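A.B. asks: Structure, please.
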Amino acid sequence: MPAIPRYYQAKTRLLDLVNELPDNTPFPPERELSDVFGMSRTTIRKALDELVLEGRLIRGAGRQGTAVAPRKQVHRIGLDALVQDLAAREQVVVRTSGAQDVINVESVLVRRDEPVGVRSTCLRASRFPGFAERYDGTTPLRQFLSDAYEIRFGDVHPWCTTALATPRVARLLDVRPATPLLSVAWLGHDLRGAPVERSWVVLRGDRAHLTMQGLRLSAPARP
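C.D. replies: Below you'll find the predicted structure:
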């Protein structure tokens with residue numbers, strides 16, 4: 001069995017200490033941690049750097065030394081709620097491109113007034129005439145398409161990957177550009193198999209956990 005790297009041993013012990021301390025508590029300096037754990041300062045520094053990158057410790061912004069990062073509320077979001085556009089949202093923006101026959105609907109997903117994700121859907125403008133004038137963002141998109149255009153959705157086939165925050169998404173989610181995000185994408189078809197939507201959602205991993213329990217891949221039957 002391979003030996004556990006020393007810096008990882010240090011990181012595990014430091015994380016235990018982080019979990020015991022209140023938010024914003026100054027963290028012991030490298031020299032003190034090196035003496036307590038009997039490890040080199042280089043090893044301690046590497047472990048501390050990883051905890052900073054993971055958001056468990058904070059540095060800078062006028063702060064001397066390192067401190068315990070404030071705990072963030074993590075929200076559970078169901079994949080089915082993303083597909084059906086049932087997650088709480090704000091800042092709904094509709095853009096059209098007549099030359100490309102494309103409508104883009106973008107919204108920011110929120111939980112307790114915190115931005116946790118960005119949802120974007122592309123539709124064919126020629127299939128949904130007058131969409132930009134009729135859709136005000138107050139109704140879940142799929143429900144609106146069903147009611148206003150009599151769309152009957154079939155199955156979707158989502159896939160998950162990772163993506164880096166673009167400058168625009170970074171501004172909407174209050175993160176740095178190129179921050180890794182969880183990405184969920186899917187193609188939506190009607191009951192005849194014709195494509196209706198191409199959608200994707202990017203989520204902040206430190207604020208949102210994606211759940212798949214009770215996932216319903218097809219739209220519910222309508223009376």
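A.B. asks: Check whether residue 25 really touches residue 68, as I assumed.
C.D. replies: Yes: assessed by CB atoms under 8 Å, residue 25 is found in contact with residue 68 at 4.7 Å. Bear in mind the C-beta positions are built from the backbone N, C-alpha and C, glycine included.
A.B. asks: who has more neighbours, those two?
C.D. replies: residue 68 (20 against 12; other CB atoms under 10 Å).
A.B. asks: which ones are touching the more buried one?
C.D. replies: Residue 68 sits next to 18, 21-25, 27, 56-58 when contact means CB atoms under 8 Å, 6 or more residues apart in numbering.
A.B. asks: Which of the helices and strands in this structure ranks last by mean pLDDT?
C.D. replies: strand 75-78 (a mean of 78; mean pLDDT, DSSP states H and E).
A.B. asks: so what strands line up beside that one?
C.D. replies: strand 208-211 (parallel) (DSSP bridges).
A.B. asks: and the gap between residue 175 and residue 108?
C.D. replies: 13 Å (CB to CB, to the nearest Å).
A.B. asks: what kind of secondary structure is residue 151 in?
C.D. replies: At residue 151 the chain is in coil, as set by DSSP: H, G, I helix; E, B strand; the rest coil.
A.B. asks: wait, doesn't it sit right on residue 196?
C.D. replies: Yes: when contacts are counted by CB under 8 Å, residue 151 is listed as touching residue 196 (6.0 Å).
A.B. asks: Do a quick rundown of the helices in this protein.
C.D. replies: Using DSSP state H, the helices of the chain run over 6-20, 30-37, 41-53, 79-83, 131-134, 141-149, 167-173.
A.B. asks: Quick one: closest of those to residue 161.
C.D. replies: Among the helices of the chain, helix 79-83 comes nearest to residue 161, with 13.7 Å by CB to CB.
A.B. asks: now that closest one, how far from the chain's geometric center?
C.D. replies: Offset of helix 79-83 from its chain centre (CA atoms, centre = their mean, to the nearest Å): 13 Å.
A.B. asks: do the same with stretch 147-163
C.D. replies: 18 Å.
A.B. asks: Buried residues, that stretch. List them.
C.D. replies: 151, 153, 156, 158, 163 (16 or more other CB atoms under 10 Å).
A.B. asks: Name the residues that touch it?
C.D. replies: Contact partners of stretch 147-163, identified using CB under 8 Å, 6+ apart, comprise 79, 83, 127-128, 134-135, 139, 142, 145-146, 180-193, 196, 202, 210, 217-219, 222.
A.B. asks: where does this protein dip in pLDDT?
C.D. replies: 1-2, 60-63, 212-223 (pLDDT under 70).
A.B. asks: residue closest to the middle of it?
C.D. replies: Centroid check for the chain by CA atoms, centre = their mean gives residue 203 as the closest residue, at 0.9 Å.
A.B. asks: My guess is that residue contacts residue 77. True?
C.D. replies: Yes: between residue 203 and residue 77 there is a contact at 7.0 Å, judged by CB under 8 Å.
A.B. asks: who touches both of those two?
C.D. replies: 109, 116-117, 210.
A.B. asks: sorry, back to before: just the helices of the chain: most buried one?
C.D. replies: Mean neighbours per residue, mean count of other CB atoms under 10 Å, is largest over those for helix 79-83, with a mean of 20.
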